[in-house]
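Student: just a sequence and a predicted model for now, questions to come.
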Amino acid sequence: APSPEQRWVLLETLQALDELLDGLPLAVRRAFLWSQLEGLGYRDIATRLQVSERTVKRDMAQAYEHCLLLELA
């Protein structure tokens, strides 16, 4: 079990990630989180979201662009 300090850091990290992704459509957020946190590939994400892989690729590009633009601001 993680220590209280480790849990605090994890919660802070998750809060920061939530703020970073704020404003993105839910499907885009889910795709990004499943990719980054669960290591799912685009095909698996497409299956979960019931969309095409092409849609997942577009959503991931949108999420990466969103993150990069916020980092530059």
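Tutor: Here it is on my side, so go on.
Student: contacts and neighbour counts: CA atoms only from here.
Tutor: OK.
Student: touching, A63 and F32? I think so.
Tutor: Yes. Here A63 reaches F32: they are 6.6 Å apart, a contact under C-alpha atoms under 8 Å.
Student: measure L68 to L20 for me?
Tutor: Computed as C-alpha to C-alpha, to the nearest Å, the L68 to L20 distance reads 10 Å.
Student: the more surrounded of those two?
Tutor: Taking other C-alpha atoms under 10 Å, L68 and L20 do not tie; L20 has more neighbours (15 against 11).
Student: ok, the more buried one - contacts?
Tutor: For L20, the contacting residues are C67, L70, by C-alpha atoms under 8 Å, 6 or more residues apart in numbering.
Student: tell me which helix or strand it sits in.
Tutor: Per DSSP states H and E: L20 is located in helix 4-21.
Student: so for that helix, mean pLDDT?
Tutor: Mean per-residue pLDDT for helix 4-21: 90.
Student: packing partners for whichever helix or strand comes after that helix?
Tutor: Where DSSP H and E defines the elements, the next helix or strand beyond helix 4-21 is helix 26-38. Using 3 or more C-alpha pairs under 8 Å, 6 or more residues apart in numbering; DSSP states H and E, the elements in contact with helix 26-38 are helix 42-49, helix 53-72.
Student: taking helix 42-49 as reference, get the angle to the longest one.
Tutor: The one in question is helix 53-72. Helix 53-72 runs at 100 degrees relative to helix 42-49, counting by axes from the mean of the first three to the mean of the last three C-alpha atoms, to 10 degrees.
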